[in-house]
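A.B. asks: Here is my input, please return the structure:
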Amino acid sequence: MSDGAAGTLHDDWPAHDDAQADEAIAADEPTGSRSARRSPAKGTQSATSTRSTKATKGAATRNAMTEGADATLEGRAEPRNGRKTTARSQLPRASRSTTPDYRIAEQPAFVLHSYPYRETSLIIDVLSRDHGRVALVAKGAKRPHSALRGVLQTFQPLALSWTGKGEVRTLTGAEWVGGMLPLTGDALLCGFYVNELLVKFIAREDPHPELFRHYVVTLTRLAHDEPPVQVLRSFERVLLREAGYALALNRTVNRKTVAAEGRYVFDPERGVREASDEWPSQWPRLSGQTLLDMEEDDYHRPQTVAQSKALMRFLLNTYLGGTPLATRQILIDLQNL
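C.D. replies: Purely as a prediction, here's the structure:
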């Protein structure tokens with residue numbers, strides 16, 4: 001894999017165009033007729049996707065994918081999160097509206113979830129690079145001939161434009177960027193699991209650029225058939241860290257270095273503790289080697305696979321207050337998680 005599927009997105013995600021965005025927002029036309037572009041039909045993926053080959057397993061592949069994702073995000077224009085300057089800005093202060101009209105153009109994003117809204121529209125929950133999770137109403141997206149129907153797909157990189165002031169903004173443009181292989185089979189189920197975690201853990205309007213970057217890497221690894229147990233454990237750790245749950249695994253709460261031959265428990269409120277009968281029985285018991293492997297993102301030892309699975313199940317359940325994850329249960333039933 002020369003540049004990697006993730007690496008091609010840097011060139012394909014369009015640069016910001018202020019004038020074009022303003023014209024799209026000002027135009028009084030259905031959302032579906034604005035700068036939406038259908039993704040190619042099945043079997044006519046972009047040349048980049050067609051040329052992508054199977055990734056080799058192991059650390060070299062993960063490093064290449066991570067570097068590719070970094071290339072995706074660096075060099076982009078400044079985030080379009082400021083207020084647009086309009087003729088209203090020239091009016092006296094007393095006559096200006098106190099609530100600005102936010103206009104975002106061609107923001108790198110992925111659709112996490114969508115559901116019907118009224119008769120012809122959709123509400124889509126998206127993960128954007130510079131604005132975090134955002135809820136958008138896609139007007140007319142359910143109409144048979146809407147250009148948005150073939151664009152607003154999960155697990156595909158998009159360039160989205162929107163405007164609005166409330167909790168749910170209005171989608172004004174959507175463009176399929178391409179450059180990533182589609183998810184199929186078990187990888188597709190894993191992708192839905194990752195999306196469900198993002199919806200559960202990440203608050204709206206809370207930017208997480210590093211999490212967005214790792215999401216691109218995760219989808220790329222799944223598409224290239226890397227073992228799901230390794231890919232998902234890696235993503236879960238990044239997600240919990242970004243959500244505010246620090247997971248330092250190579251040191252105990254007393255700042256002692258974890259020893260490979262040691263025995264430990266994990267306190268969900270504080271972190272790693274040395275094993276003792278005084279701790280609650282429901283706290284996961286772990287070997288020092290497992291903790292060190294997880295810190296290095298290495299899941300090749302069978303013991304590490306089993307113990308890391310038990311640890312993450314416990315932590316996710318604890319931090320979600322017992323709220324079940326529908327996709328996780330499906331994956332457990334299929335013995336993939």
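
A.B. asks: What segments of the stretch 201-337 of the chain are strands?
C.D. replies: Secondary structure of the stretch 201-337 of the chain (DSSP state E, counting those that start in this stretch): strands located at 263-267, 271-274, 285-287.

A.B. asks: What about Glu205, how many residues nearby?
C.D. replies: By other C-beta atoms under 10 Å, 11 other residues sit near Glu205. For every residue, glycine as well, the C-beta is placed using N, CA and C.

A.B. asks: check contacts around it.
C.D. replies: Going by C-beta atoms under 8 Å, 6 or more residues apart in numbering, Glu205 touches His131, Gly132, Arg133, Val134.

A.B. asks: Can you identify the element that follows the longest strand anywhere in the chain toward the C-terminus?
C.D. replies: What stands out as the longest strand in the chain, according to DSSP state E, is strand 102-117. Later in the chain than strand 102-117, the nearest helix or strand by DSSP states H and E is strand 121-128.

A.B. asks: what's the neighbour count on Glu242?
C.D. replies: Glu242 has 18 neighbours, counted by other C-beta under 10 Å.

A.B. asks: residues in contact with the closest residue to it other than its chain neighbours?
C.D. replies: Once flanking residues are discounted, Glu242 sits nearest to Leu211: 4.4 Å by C-beta to C-beta, 6 or more residues apart in numbering. Neighbouring residues of Leu211 by C-beta under 8 Å, 6+ apart: Leu198, Ile202, Val238, Leu239, Glu242.

A.B. asks: State the distance from Leu211 to Leu198.
C.D. replies: Distance of Leu211 to Leu198, given as C-beta to C-beta, to the nearest Å: 8 Å.

A.B. asks: So for those two, which residues contact both of them?
C.D. replies: With contacts defined as C-beta under 8 Å, 6+ apart, the residues shared by Leu211 and Leu198 are Leu239.

A.B. asks: Following the record's annotation, map out the domains of the protein.
C.D. replies: As assigned by automatic domain parsing, the chain contains the domains 9-43+52-90+99-179, 187-333.

A.B. asks: Dig out what the closest residue to His113 other than its chain neighbours forms beta bridges with.
C.D. replies: What sits nearest to His113 in space, not counting adjacent residues and going by C-beta to C-beta, 6+ apart, is Asp125, at 4.4 Å. Following DSSP bridges, Asp125 is listed with bridge partners His113, Ala135.

A.B. asks: okay, now Tyr324: neighbour count?
C.D. replies: Slight slip there: residue 324 is Pro, not Tyr. Pro324: 8 surrounding residues under other C-beta under 10 Å.

A.B. asks: What's the local residue count around Val126?
C.D. replies: Neighbour tally, Val126, other C-beta under 10 Å: 25.

A.B. asks: ok, it - contacts?
C.D. replies: Listed by C-beta under 8 Å, 6+ apart, the contact partners of Val126 are Ala109, Phe110, Val111, Leu112, Arg133, Val134, Ala135, Leu136, Leu158, Leu160.

A.B. asks: Of the residues you listed, grab the buried ones for PyMOL.
C.D. replies: Buried members of the contacts of Val126, defined by 16 or more other C-beta atoms under 10 Å, are picked up in PyMOL with:
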select buried, resi 109+110+111+112+133+134+135+136+158+160
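
A.B. asks: Redo the contacts of Val126 as TSV? Include distance to Asn250 and pLDDT.
C.D. replies: Putting the contacts of Val126 into TSV (distance: C-beta to C-beta, whole Å; pLDDT from 0 to 100) gives the following:
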residue	distance to Asn250	pLDDT
Ala109	34	97
Phe110	32	97
Val111	36	96
Leu112	32	96
Arg133	31	95
Val134	36	95
Ala135	38	96
Leu136	41	96
Leu158	38	96
Leu160	39	96
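
A.B. asks: Name the nearest of the contacts of Val126 relative to Arg169.
C.D. replies: Looking at the contacts of Val126 and their distance to Arg169, the nearest is Leu136, at 5.3 Å (C-beta to C-beta).

A.B. asks: No further queries at this time; thank you.
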